[in-house]
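Enquirer: I would like the atomic coordinates for the input below:
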Amino acid sequence: MTDAGTQVEDRDLVDSLVEDLQERISTGQIPAGTWLRQAHLAEELGVSRTPVREAIRRLQAMGTVEVIANRGARVRLPSARDIIEVYELHGVLQGHAGAAAAGLITSEQLDRLAAAEKMFRAVVEDLKAAGGDATDAQQRWHEANTQFHMVIIEAGGNTHLAEVIESLHRKVPRNLTWIALGNDIRRLEKDAAEHAGILDAISSGDATAARTQLIGHAKRASDLLIRTVDKIGQGPLERR
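Expert: Got it, this is the predicted structure:
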């Protein structure tokens, strides 16, 4: 293989490692605070340390990983400022999509939005029945949340919005939302009710209500996540 071909192959490998590690961090398979040991990861992933080192460097540039002098790299716990800024953008972008979706959503998209909203309620009922320990509740809630918000973005008609919002997810791991909600059925009920209100606004064609509710939904999520990461971190997070 030529040097150019080898370089392309190396870049593809690093890209694949970054995508894999980013997904595992985002979903909580690699929790915040975990030290990323190059030798361990290289053995686990079946590659040499060189592409692992480059993947960690890229994750550091993305803000997902922090490097501590003389200690190594670890998954970064987002600061309160990260959460505030990311969810402010979430609210603006989702609110824009929701307002557009209120006037553009198709019957097929509305059916999928309603199905996702029904999934939220089903998880809550199953948790109640199981005393707060229903099997696969986290996965089902995540699937419902992903479907619900992606349908809104799709219905809003902006083809680039999903990519922008996905980049925001890299700043605040998605599993933190479940950590914040998952141990309190009352919080889950409230979150499910918020999604039901958003569905009602969009299905009735009320663009103003859809925008307002989505912005409020993001703000409440931000406040809850800040309290959660305060508990996870070693003492209150700096709000700078």
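
Enquirer: Run a quick neighbour tally on Trp35.
Expert: Around Trp35 there are 11 other residues, counting by other CB atoms under 10 Å. Quick note: C-beta positions are derived from backbone N, CA and C, even for glycine.

Enquirer: pretty sure it is touching Gly72, no?
Expert: Yes: counting by CB atoms under 8 Å, Trp35 does reach Gly72; the two are 5.7 Å apart.

Enquirer: Report the buried residues of the helix or strand where Thr228 lies.
Expert: Using DSSP states H and E, Thr228 maps to helix 207-232. Across helix 207-232, burial judged by 16 or more other CB atoms under 10 Å covers 207, 209-215, 217-218, 220-222, 224-226, 228-229.

Enquirer: just stretch 45-54 next, same as before
Expert: For stretch 45-54, a neighbour-count test (16+ other CB under 10 Å) marks 45, 47, 51-52, 54 as buried.

Enquirer: on that earlier part again, how far out from the middle of the chain is the helix holding Thr228?
Expert: The chain centre lies 13 Å from the centre of helix 207-232; the measure is CA atoms, centre = their mean, to the nearest Å.

Enquirer: do stretch 178-189 as well
Expert: Remark: stretch 178-189 is offset 16 Å from the chain centroid, using CA atoms, centre = their mean.

Enquirer: Next one: Leu224 from Tyr87, what distance?
Expert: 10 Å (CB to CB, to the nearest Å).

Enquirer: Which parts of the protein belong to which domain?
Expert: 3-75, 80-232 (automatic domain parsing).
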